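Asker: Attaching a predicted model along with its sequence, questions to come.
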Amino acid sequence: MKLSEADWFKSSHSSSGGDCVEAAHASEGRIGVRDSKLGDASPVLCFEPAQWDVFMGAIGQGEFDLP
């Protein structure tokens, strides 16, 4: 996944406290996700479009919410 020219963005729901993730549309329809605090030094999770849909659905269902 080529990320050197990716246009990273934060959700409009992100807090201003710096606890954010960034996402980018990359080559072949893939989506990258990284820690905004680390920027280019951050490890990147890469998703195929179908995987992204499942991941976003799980977030929407609260599957990753802390107790």
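Answerer: That came in fine, so what should we check first? Numbers count the residues shown, from 1 in each chain.
Asker: for the nearest residue to Gly29 once chain neighbours are set aside, what are its contacts?
Answerer: With Cβ to Cβ, 6 or more residues apart in numbering as the criterion, Gly29 has its nearest non-adjacent residue at 5.0 Å, and that residue is Pro49. C-betas here are computed from N, CA, C, even on glycine. Each residue near Pro49 by Cβ atoms under 8 Å, 6 or more residues apart in numbering is listed here: Gly29, Arg30, Ile31.
Asker: switch to 10 Å and redo it
Answerer: Counting by Cβ atoms under 10 Å, 6 or more residues apart in numbering, Pro49 touches His25, Glu28, Gly29, Arg30, Ile31.
Asker: where does the residue nearest to the spatial centre of the chain fall, helix, sheet strand or coil?
Answerer: Nearest to the mean C-alpha position of the chain, counting by Cα atoms, centre = their mean, stands Val33 at 2.7 Å. Of the three states, Val33 takes strand under DSSP: H, G, I helix; E, B strand; the rest coil.
Asker: Now for the nearest residue to it once chain neighbours are set aside, how many residues are close by?
Answerer: Excluding its sequence neighbours, the residue lying closest to Val33 (Cβ to Cβ, 6+ apart) is Leu45, at 4.6 Å. By the criterion of other Cβ atoms under 10 Å, Leu45 has 15 neighbours.
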